[in-house]
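1. okay, structure incoming, though there's no sequence with it:
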């Protein structure tokens, strides 16, 4: 089953919606124009309920099907990034220093397209909860929506999400059971030594040498403390210290990121980093403080729901265009919080060639929107068929 005919008929509407959203990018939770536009479209579409103000600007809309049944959640994020756009398109950002460089405008258009079809046809039992979420890029909007009780309030049984995937063949779906994206943590180490003249290092407690020792020791966590078959990353990305060639400074700062796919490894890295920082500080005669911040958890697809989502994707785009065992991605996604509360699956949708995500020349491929909308619709109709059909 290819793109649904009715969705193909209003594909131009989805393009117009997406391109308008592209002109008004907003950041984090502060997305009033975006939320207002989504609400207006939902009112035009004729959904049964619109609930606003969730996680400040988030929206949950309800469409009732034909007959009793459970509630299936479909999610789209809608925040942008603090990037100056360089696409040159005539619908480029009108908000300086902000742009939709990750395709969240397209995700929103896909879900609105699915909403339009589902509201027209009602060819499903139970209900659909359309989740429009702010602050995926920064702030954890999904976590806030869940903390405000969204899942229980709307009795959501399962939840599904899609992200566009530039560089992957057009119209292909990619997913996997279990971890598909990483937990993302960050760390900062503040080192306090005793500075002095570069020609008299014996009179100092050198934070530069201590920083170098800590960075090298931190790398041994991966090679010596974790199983070689586990996927994990520690990257030191910043070292800041010093001001002149002949001055040993008083302080140094180290910063970096950690990516893991299971809580045991995440906790081990956190513990070992603390031990290394304390031990290295003592060995170099300096003081050091570790600030380790756990960010988004790993995105864990439920096996049964992932198998189901892959089967539906095959109906839409064909067997050859679905990879249900894609390698894990070390990036992070706050949809993980929704998957911690309800079973479901996260999938990537191939967008074809083009600039990568978070690039100033990135532009969502509008031609994949009908594919994503058709997938959402078939998910609902297949998961919750009308009795007797």
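-> In hand now; what should we look at? Please read all numbers here as calculations on a predicted model, not as lab measurements.

2. contact partners for the most centrally placed residue in the chain?
-> Residue closest to the average C-alpha location in the chain (CA atoms, centre = their mean): residue 333, at 2.5 Å. By CB atoms under 8 Å, 6 or more residues apart in numbering, the residues touching residue 333 are 136, 163, 181, 296, 299, 346. The way it works is simple: take the backbone N, C-alpha and C, and place the C-beta from them, glycine included.

3. ranking the residues you listed by neighbours, who comes first?
-> Within these, most neighbours by other CB atoms under 10 Å means residue 299, with 27 neighbours.

4. so who does it touch?
-> Contacts for residue 299 (CB under 8 Å, 6+ apart) come out as 179, 180, 181, 182, 332, 333, 335, 336, 339, 346.

5. give me the below-cutoff pLDDT ranges for the stretch 1-150 of the chain.
-> By pLDDT under 70, the weakly predicted segments of the stretch 1-150 of the chain are 1.

6. looking at the contacts of residue 333, which two lie furthest apart in space?
-> The largest separation in the contacts of residue 333, counting by CB to CB, is between 163 and 296 at 13.7 Å.

7. picking up where we left off before, now the buried members of the contacts of residue 299.
-> Among the contacts of residue 299, those classed as buried by 16 or more other CB atoms under 10 Å are 179, 180, 181, 182, 332, 333, 335, 336, 339, 346.

8. hang on, the second one is in a helix, isn't it?
-> No. Secondary structure assignment places residue 180 outside any helix; it is strand (DSSP: H, G, I helix; E, B strand; the rest coil).

9. next one: it from residue 326, what distance?
-> 7 Å (CB to CB, to the nearest Å).

10. same thing with the third one?
-> Between residue 181 and residue 326 the computed distance is 11 Å (CB to CB).

11. neighbours around the residue lying closest to residue 210 once chain neighbours are set aside, how many?
-> Once flanking residues are discounted, residue 210 sits nearest to residue 284: 3.8 Å by CB to CB, 6 or more residues apart in numbering. Neighbour count of residue 284, defined by other CB under 10 Å: 21.

12. show the backbone phi and psi for residue 284.
-> Dihedral angles of residue 284 (phi, psi; degrees, to the nearest 10) stand at phi -100, psi 0.

13. and the average pLDDT for the helix or strand harbouring residue 275 is what?
-> According to DSSP states H and E, residue 275 maps onto helix 263-284. Summarised as a single mean, pLDDT over helix 263-284 is 97.

14. the next helix or strand after that helix to helix 263-284, inter-axis angle?
-> With elements assigned by DSSP H and E, the helix or strand that comes after helix 263-284 is strand 287-294. Using axes from the mean of the first three to the mean of the last three CA atoms, to 10 degrees, the direction of strand 287-294 lies 170 degrees away from that of helix 263-284.

15. average pLDDT across strand 287-294?
-> pLDDT averaged over strand 287-294 gives 98.

16. so how far is the next helix or strand after that strand off the chain centroid?
-> Downstream of strand 287-294, the first helix or strand assigned by DSSP H and E is strand 299-301. Relative to its chain's centre, strand 299-301 lies at 11 Å (CA atoms, centre = their mean, to the nearest Å).

17. next helix or strand past strand 299-301?
-> Tracing the chain C-terminally past strand 299-301 and defining elements by DSSP H and E, one meets helix 303-317 next.

18. residues in contact with residue 341?
-> With CB under 8 Å, 6+ apart, residue 341 has these contacts: 146, 151, 159.
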